[in-house]
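Peer 1: Need the 3D shape of this:
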Amino acid sequence: MRWALVKVCLAVTAMVVIAFAVPLGLVIKEMARDRAFSDAERQAATIGPTLTITTDREELTRAVLSTEPGGRGSLAVHVPAAGQGGERLEIGERRATRQDLETVRKSGRAAIAEVPGGSALLQPTALGSGGIAVVEVFVPENEVSNGVGTAWLVLAGVGIALIVGSVAVADRLGVRMVQPAQRLAGAAQDLGEGRLGTRVPEEGPTELRSAAVAFNSMADQVVQLLANERELAADLSHRLRTPLTVLRLNAASLGEGPAAEQTRAAVEQLEHEVDTIIRTAREQRPQTQGGQPGAGAGCDASEVIRERMGFWSALAEDEGRTVRLAGVDRTVRIPVARPELAAALDALLGNVFRHTPEGTAFAVDVHHSGDAVIVLVSDAGPGIPDPESALARGASGRNSAGSEVGSTGLGLDIVRRVAESTGGDLRIGRSVLGGTEVRIWIGLDGGPAERARRGHRVGRRDGRRGPRGVRGRNTEFRGAPGAGPHL
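Peer 2: Have a look, this model is predicted:
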């Protein structure tokens with residue numbers, strides 16, 4: 001498109017230059033010719049008064065030589081013979097033919113005759129005796145074309161400059177039009193290949209700018225639709241995990257027998273399928289620009305934690321678990337979508353109920369350090385012997401015999417994704433209750449979360465949290481010994 005525009009502009013400019021330059025060059029040539037013969041007519045007229053007075057050779061010779069063209073041999077006077085037997089008088093060098101002289105004398109009108117080396121202006125002049133003399137002025141070829149070559153060169157230079165300038169302007173315009181189109185085509189290809197964060201600058205001509213706006217809007221809608229679909233699948237799956245946990249606990253109380261074993265096996269199979277759906281939904285997270293949550297993606301952590309704890313508290317009461325909640329008495333805005341945080345909390349609390357015996361106490365604490373929010377989920381179980389293995393993404397818990405005992409990596413992987421999406425991280429340590437403490441660091445502006453981590457120390461035995469000396473009230477818990485590690 002760019003070169004096509006340049007070629008069109010080149011052709012149009014060349015046609016315009018030819019259409020104006022060629023006629024103008026011809027006009028300049030004709031003007032130079034007219035100027036040369038006008039000077040010749042004026043020079044011929046200078047000898048006219050002398051011819052009306054006398055036809056004496058000596059007088060005419062002096063008059064001819066006194067003129068500029070006569071002095072350089074370009075002026076001649078042809079006087080016809082007076083009466084019969086008279087002598088024809090010619091002064092100066094004759095270049096025109098006698099036939100041309102007779103034709104001008106008889107017609108009484110000036111004429112231009114082609115002669116070797118140029119042209120001759122033949123000007124008839126009336127004599128005092130009533131005859132017609134012819135004054136001949138020789139005009140060399142160089143005087144006829146004087147200045148024409150220079151004028152043509154100037155016209156050619158101006159024409160070339162116009163063509164070059166128009167090509168340069170067309171090329172710049174072509175770049176301005178082609179580059180946005182190329183960016184739009186490249187972005188469409190990237191979007192088709194799955195790079196959903198691709199956007200194009202909204203610049204260029206009005207039409208291409210409108211196309212860029214429409215493309216960006218379409219890409220945003222595609223990302224939003226995919227995100228909604230993914231979130232819906234993950235959210236529905238997480239909502240299934242919560243009643244599945246209750247169902248699993250109820251199935252454990254059925255005792256022994258074929259029906260009880262079949263029920264527990266069916267529950268485990270259902271849990272496995274739900275975990276597979278969640279993992280698939282998480283792994284298909286679209287990669288958008290910057291990897292940061294979009295506008296309006298944040299939520300109030302305190303409100304979400306209170307809501308989820310209200311749900312789990314009913315189950316904790318049935319199992320005789322002591323529950324403590326701290327730090328949720330004020331609004332704490334975090335850059336995490338509400339479903340994401342709810343899913344992370346459900347994963348951690350579900351692990352507490354799944355991997356600790358009934359009666360084991362647990363607590364949830366929220367601390368706000370200014371540039372990061374810390375969420376602590378603690379229990380009074382025996383803890384995790386190998387936190388590094390527990391943090392292995394997507395791992396499955398197996399006992400010493402190699403049989404699967406339940407998903408252990410998926411829940412923590414969900415929590416890890418939530419923390420890392422804000423620049424934070426996930427850590428596992430020993431809680432003041434004696435069991436496991438899972439710490440979620442949620443950065444409020446991405447980068448400063450790392451500085452917050454260097455300035456805080458969590459999980460001290462004296463029950464304090466961080467440099468501000470926030471005392472963990474969950475030290476009041478008394479829990480029964482756990483049956484195994486939870487993740």
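Peer 1: And for Ala260, the neighbour number?
Peer 2: 14 (other CB atoms under 10 Å). Placement of C-beta: from N, CA and C, glycine included.
Peer 1: And Ala11, by the same measure?
Peer 2: Other residues within reach of Ala11, judged by other CB under 10 Å, total 10.
Peer 1: what does Ala151 give?
Peer 2: Ala151: 16 neighbours (other CB under 10 Å).
Peer 1: what sits against the most centrally placed residue in the chain?
Peer 2: By CA atoms, centre = their mean, the chain has its centre lying nearest to Pro201, at 3.6 Å. Contacts here follow CB atoms under 8 Å, 6 or more residues apart in numbering; on that basis Pro201 touches 180, 183, 212.
Peer 1: hey, where'd the strands end up in the stretch 1-150 of the chain?
Peer 2: Counting by DSSP state E, counting those that start in this stretch, the stretch 1-150 of the chain has strands at residues 75-79, 89-91, 111-115, 118-126, 132-140.
Peer 1: measure Arg172 to Glu437 for me?
Peer 2: 64 Å (CB to CB, to the nearest Å).
Peer 1: The two: which has the busier surroundings?
Peer 2: The neighbour comparison of Arg172 against Glu437 (other CB under 10 Å) goes to Glu437, with 24 against 11.
Peer 1: Could you find the closest non-adjacent residue to that one?
Peer 2: Ser431 (3.4 Å; CB to CB, 6 or more residues apart in numbering).
Peer 1: pretty sure that neighbour is in contact with Arg439, am I right?
Peer 2: No - at 9.6 Å, Ser431 does not count as touching Arg439 under the criterion of CB atoms under 8 Å.
Peer 1: who has more neighbours, the two?
Peer 2: Taking neighbours as other CB under 10 Å, Ser431 and Arg439 compare with Ser431 leading, 27 against 24.
Peer 1: Please read off the pLDDT at that one from the model.
Peer 2: We have a pLDDT of 88 for Ser431.
Peer 1: what do you get for Gly446?
Peer 2: 53.
Peer 1: again with the one 10 residues further on
Peer 2: At His456, the model reports a pLDDT of 44.
Peer 1: buried sites along stretch 15-33?
Peer 2: Applying a neighbour-count criterion of 16 or more other CB atoms under 10 Å, the buried positions in stretch 15-33 are 17, 21, 25, 28-29, 32-33.
Peer 1: List just the nearest of those residues to Gly381.
Peer 2: Closest approach to Gly381 among those (CB to CB): Val17, at 91.1 Å.
Peer 1: What helix or strand is the closest residue in space to the closest one that isn't next to it in sequence located in?
Peer 2: Sequence neighbours aside, Gly159 is the residue nearest to Val17 in space, at 3.9 Å (criterion: CB to CB, 6+ apart). Gly159 belongs to helix 148-192 when assigned by DSSP states H and E.
Peer 1: With Ile440 instead?
Peer 2: Ile440 belongs to strand 436-443, assigned by DSSP H and E.
Peer 1: Val27 and Trp152: what is the separation?
Peer 2: 11 Å.
Peer 1: swap that for Gly108, please
Peer 2: Distance from Gly108 to Trp152, by CB to CB: 38 Å.
Peer 1: Which residue of those two possesses the greater neighbour count?
Peer 2: Neighbours were counted for Gly108 and for Trp152 using other CB under 10 Å; Trp152 has more, 16 against 9.
Peer 1: you'd agree that one is up against Leu26?
Peer 2: No - with contacts counted by CB under 8 Å, Trp152 stays clear of Leu26, the gap being 10.0 Å.
Peer 1: before we move on, the earlier item: give me the packing partners of the strand holding Ile440, helices and strands only.
Peer 2: Where contact means 3 or more CB pairs under 8 Å, 6 or more residues apart in numbering; DSSP states H and E, strand 436-443 is packed against strand 372-379, helix 410-420, strand 426-430, helix 448-455.
Peer 1: Which one of the ones you listed has the poorest average confidence?
Peer 2: helix 448-455 (a mean of 44).
Peer 1: hmm, back to that, helix 410-420 and the strand holding Ile440, what's the angle between them?
Peer 2: 30 degrees (axes from the mean of the first three to the mean of the last three CA atoms, to 10 degrees).
Peer 1: how about the helices in the stretch 201-350 of the chain?
Peer 2: 206-252, 258-283, 301-319, 338-355 (DSSP state H, counting those that start in this stretch).
Peer 1: and the ones you listed, which one's lowest on average pLDDT?
Peer 2: helix 258-283 (a mean of 72).
Peer 1: hang on, the earlier thing: turn the contacts of Pro201 into JSON lines, columns for neighbour count and distance to Pro80.
Peer 2: Listed next are these as JSON lines, based on neighbours: other CB atoms under 10 Å; distance: CB to CB, whole Å:
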{"residue": "Pro180", "neighbour count": "21", "distance to Pro80": "84"}
{"residue": "Arg183", "neighbour count": "19", "distance to Pro80": "89"}
{"residue": "Ala212", "neighbour count": "21", "distance to Pro80": "90"}
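Peer 1: Among the residues you listed, which one lies nearest to Ser302?
Peer 2: Ala212 (41.2 Å).
Peer 1: surely that closest one meets Glu202?
Peer 2: Yes - here Ala212 reaches Glu202: they are 4.6 Å apart, a contact under CB under 8 Å.
Peer 1: Next up, phi/psi of the closest residue to Thr67 other than its chain neighbours, please.
Peer 2: Once flanking residues are discounted, Thr67 sits nearest to Thr46: 5.3 Å by CB to CB, 6+ apart. For Thr46, the backbone dihedrals (degrees, to the nearest 10) come out as phi -70, psi -20.
Peer 1: what number of residues lie near Thr46?
Peer 2: The burial count for Thr46: 17, using other CB under 10 Å.
Peer 1: before we move on, what about His272?
Peer 2: His272, neighbours per other CB under 10 Å, totals 14.
Peer 1: Then Ser253?
Peer 2: If you count neighbours by other CB under 10 Å, Ser253 ends up with 8.
Peer 1: Just the pLDDT for it.
Peer 2: 72.
Peer 1: Spit out the contact partners of the nearest residue to Ser145 once chain neighbours are set aside.
Peer 2: Leaving aside its sequence neighbours, Ser145 sits nearest to Ala32 (CB to CB, 6+ apart; 6.2 Å). Residues counted as contacts of Ala32 (CB under 8 Å, 6+ apart) are 144-148.
Peer 1: Can you pick out the most distant pair from the residues you listed?
Peer 2: Val144 and Gly147 (10.5 Å).
Peer 1: okay, the two: which has more neighbours?
Peer 2: Neighbours per residue (other CB under 10 Å) separate Val144 from Gly147, with Val144 holding more: 18 against 12.
Peer 1: ok, that one to Arg94 distance?
Peer 2: Counting by CB to CB - Val144 and Arg94 are separated by 20 Å.
Peer 1: Assign Ala363 to helix, strand or coil.
Peer 2: strand (DSSP: H, G, I helix; E, B strand; the rest coil).
Peer 1: Sheet partners, orientation included, of the strand holding Ile440?
Peer 2: strand 372-379 (antiparallel), strand 426-430 (antiparallel) (DSSP bridges).
Peer 1: Which positions within the shortest one qualify as buried?
Peer 2: The reference is to strand 426-430. 426-428.
Peer 1: what sits up against that strand?
Peer 2: Contacts of strand 426-430 (CB under 8 Å, 6+ apart): 383-384, 387, 390-391, 412, 415-416, 419-420, 436-441, 458-459.
Peer 1: That one: how far from the chain's middle?
Peer 2: Mean-position distance between strand 426-430 and its chain equals 44 Å (CA atoms, centre = their mean, to the nearest Å).
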